[in-house]
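Enquirer: Sequence and predicted model, in that order:
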Amino acid sequence: MLRKIKWFCFLSLSSLAQSFQTSSFVKSSFLTKSLQTTSSSSTSTSSSNDVIRLPIPFRNIPSNMSPLFSQLPKRDTSILEDAEDNDIDSSPLLTISQTTKEKEELEFADFAPILFLCWCVALLSALDRVAMSVAILPLSSEFHLSETAKGGISSVFSVGYGLGIIPAGLLVSAVSPRIIMAVGVTLWSLATFGTPIAANLIQVVQYGDSMTNDQMVTSVKFMAMNTAPLLLIRSVMGAAESVVLPTIQRILANWVPASKKSLSVATVYSGFQIGTVCAYLLSPSVMDEFGWRGLFYIYGLVGALWLIPWWIFAKDSPESSNAVTMMEGGGEVEIAYLVVEQRLVDENGEEAVGVIGSQVTTWEEASSIFKDAPWRAILTSKATWAMTIAHAANNWGLYNNLSWTPTFYAEQYGLNVKESAFLSVLPSVAGALFGLVAGYAADKVIENFADDGDAEKRTLVRKAFQGMALLGPAACLLTLANHIPENPSTAQFLLTGAVGLQAFNSAGYSSAPQEKAGDQWSGLLYSITSLPGVVFGSVGVYVTGQILDATDKNWSGVFGLNAAVDVIGGLAFIALYNSRKEFD
């Protein structure tokens, strides 16, 4: 009878292991539940609620039980045969550790490490991106760039970002977000390092009235030629950075309980603001010491070094640490991480790592993810359009702020690079703080007044915060448009209010993808709503350069247009958005 029970357990586990090859997303909780069912129908014993032990004849585990058991370390079967002759049960025990909590049971301390790692990614992303906003001043002086050319260099980053955002959303729905993020950081660090190399290929052509023996030159002008390599490398950098937000959305959807979404999003997004602050504060000093070319070399190296802690400590989800162990004779041999990693320990104690579980291993499976995505439902949803329009309005202001703020101070008030960058710091600090306040406040309101199933009250919270995130900045920008202050501190105060209030979107459209979509599609939904916003924001940066060239650097028209865009985006979100889950 005992032998039959063992074979029943073995066959059940064999079928389960085979399912790892055909499913694209396998939860460790599913495996645990299956093993609980199996164990309850057998004579297996469980010493606690946290561990299930199933006796399985070790020598009978076939190699086709891939990927879970195919590479188990070999053992001397003669020992088992001797044990059978003496009527000793020598079967090893398969132990499933159930140490992973349900997502809604996780405390802040449980997901704080991955939150910190994502925060660091956001900081690094902003640091490398905003470096150009500071370096563009000496770069444009050296290569005689026009306002339109500066706008083109700043906006082409967003073109690459827009081209990469949808593929990035699909990838994080199918492949390990941890791996996708590592690849993205690698590529944009290389692009950062290559920026001065591409800029050195720019050629400056001088033209104007010619000089004669009797006359002096009345006017001399310069034109920058061969900017294509620089535009290309900046677009590659933008495409690489497009993985950041979809990947963060997927990781937060896997790790963070619904009651803590807004604050977690705000915490991670504050990294973008702190990265911007670091870029404004550090870049002028780095350029003083190493030149603007050295700035990009150093920042590129920092990104490469950051990959080390990410690769060691980052995990896709809480289930990534749920280990399966094989116990033999009182010792444990770790076999696999169910969702992300397969870790094998042979007799010599050496370890091998492979990817199993939720990872897509074939092109057919990747194509299946693309086909299974709820494209029609997403594209026809009013809430999707609300998020898209609000995101586009936000990006118009955000991209202009990141690209043009130091230039505004330099041109309007005659400040140098360091002074212009310093005045740009306070708005970013306000953005980080206001975002955290908004996220905490939104979570508290939802926790106290809106149950998990109360989509109507949750909708009101999102509309209120997103309304403040767009209509508030519009008021500040309209004030600037009406009259550019003579004192740069007054202009700084108004821009600080605009950027700080804009950060309230952490409790608005930024938290919406995790409410509207399930864990698998939150990254894709964010990508879909991002793409038009990226294009729109890129156009905004370029249009600003055109306005400044056409109006002899009159900033009133720039701020007035930015305010009008914010008003349209805020009203659209308030009219169209709802928090009801649609894409699961």
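Expert: Right, received. Where do you want to start? Residues are numbered from 1 along each chain as shown.
Enquirer: The helix or strand hosting Pro246 packs against which elements?
Expert: Assigned by DSSP states H and E, Pro246 belongs to helix 244-255. Counting contacts by 3 or more Cβ pairs under 8 Å, 6 or more residues apart in numbering; DSSP states H and E, helix 244-255 is packed against helix 108-143, helix 147-174, helix 177-199, helix 261-313, helix 512-516, helix 522-550. Quick note: C-beta positions are derived from backbone N, CA and C, even for glycine.
Enquirer: deepest of these, which one?
Expert: helix 512-516 (a mean of 26; mean count of other Cβ atoms under 10 Å).
Enquirer: and it, C-alpha only, in PDB?
Expert: What follows is helix 512-516, C-alpha atoms only, in PDB (Å, rounded to 0.1, in the frame of the first residue of the first chain):
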ATOM      1  CA  ALA A 512      -4.200  53.800 -12.200                       C
ATOM      2  CA  PRO A 513      -2.600  51.000 -14.300                       C
ATOM      3  CA  GLN A 514      -2.300  48.700 -11.300                       C
ATOM      4  CA  GLU A 515      -6.000  49.300 -10.500                       C
ATOM      5  CA  LYS A 516      -7.300  48.900 -14.100                       C
END
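Enquirer: helices and strands around that helix, which ones?
Expert: helix 244-255, helix 261-313, helix 382-413, helix 455-482, helix 522-550.
Enquirer: And for Val183, nearest residue in space, chain neighbours not counted?
Expert: Spatial nearest neighbour of Val183, chain neighbours left out: Val243 (7.3 Å); criterion: Cβ to Cβ, 6 or more residues apart in numbering.
Enquirer: before we move on, the earlier item: and of the helices and strands packed on helix 512-516, who's closest to Ala498?
Expert: Judged by Cβ to Cβ, the one of those that comes nearest to Ala498 is helix 455-482, at 3.9 Å.
Enquirer: pLDDT of the closest one, averaged?
Expert: What helix 455-482 shows for mean pLDDT is 92.
Enquirer: List the buried residues in it.
Expert: Across helix 455-482, burial judged by 16 or more other Cβ atoms under 10 Å covers 455, 458-474, 476-481.
Enquirer: quick revisit: could you dump the helices and strands packed on helix 512-516 into a markdown table with distance to Val175 added?
Expert: What follows is the helices and strands packed on helix 512-516, written out as a markdown table (distance: least, Cβ to Cβ, whole Å):
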| stretch | distance to Val175 |
| --- | --- |
| helix 244-255 | 10 |
| helix 261-313 | 15 |
| helix 382-413 | 24 |
| helix 455-482 | 30 |
| helix 522-550 | 11 |
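Enquirer: of all those helices, which lies closest to Ile233?
Expert: helix 261-313 (9.9 Å).
Enquirer: got the angle for the helix holding Pro246 vs helix 261-313?
Expert: With axes from the mean of the first three to the mean of the last three Cα atoms, to 10 degrees defining the directions, helix 244-255 sits at 100 degrees from helix 261-313.
Enquirer: And the nearest residue to Ser270 once chain neighbours are set aside, how far from Tyr413?
Expert: Sequence neighbours aside, Ala432 is the residue nearest to Ser270 in space, at 4.0 Å (criterion: Cβ to Cβ, 6+ apart). Remark: distance between Ala432 and Tyr413 (Cβ to Cβ, to the nearest Å) = 25 Å.
Enquirer: Please say which of these two ends up with more neighbours.
Expert: Higher neighbour count among Ala432 and Tyr413: Ala432, with 23 against 17, using other Cβ atoms under 10 Å.
Enquirer: for the strand or helix carrying the more buried one, packing partners?
Expert: Following DSSP H and E, the helix or strand that holds Ala432 is helix 425-449. Under the contact definition 3+ Cβ pairs under 8 Å, 6+ apart, helix 425-449 sits against helix 261-313, helix 455-482, helix 488-502.
Enquirer: just so I know, which of these lies nearest Leu117?
Expert: helix 261-313 (6.1 Å).
Enquirer: now for the closest one, which elements pack on it?
Expert: Using 3+ Cβ pairs under 8 Å, 6+ apart: helix 261-313 touches helix 108-143, helix 177-199, helix 244-255, helix 417-423, helix 425-449, helix 512-516.
Enquirer: again, only using 7 Å
Expert: helix 108-143, helix 177-199, helix 244-255, helix 417-423, helix 425-449 (3 or more Cβ pairs under 7 Å, 6 or more residues apart in numbering; DSSP states H and E).
Enquirer: To Val205, which of those helices lies closest?
Expert: helix 108-143 (10.7 Å).
Enquirer: Which elements pack onto that closest one?
Expert: helix 147-174, helix 177-199, helix 244-255, helix 261-313, helix 382-413, helix 417-423.
Enquirer: any low-confidence regions in the chain?
Expert: For the chain, the stretches flagged by pLDDT under 70 are 1-106, 207-220, 222, 319-370, 450-453, 518-520, 584.
Enquirer: Please name the residues that touch Val549.
Expert: Check again: residue 549 is Asp, not Val. Going by Cβ atoms under 7 Å, 6 or more residues apart in numbering, Asp549 touches Ser146, Glu147, Thr148.
Enquirer: Would you mind reformatting those residues (as CSV) and adding columns for distance to Gln514 while you're at it?
Expert: Below are those laid out as CSV (distance: Cβ to Cβ, whole Å):
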residue, distance to Gln514
Ser146, 43
Glu147, 40
Thr148, 39
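Enquirer: Let me know the secondary structure of Ser579.
Expert: Secondary structure, DSSP: H, G, I helix; E, B strand; the rest coil: Ser579 is coil.
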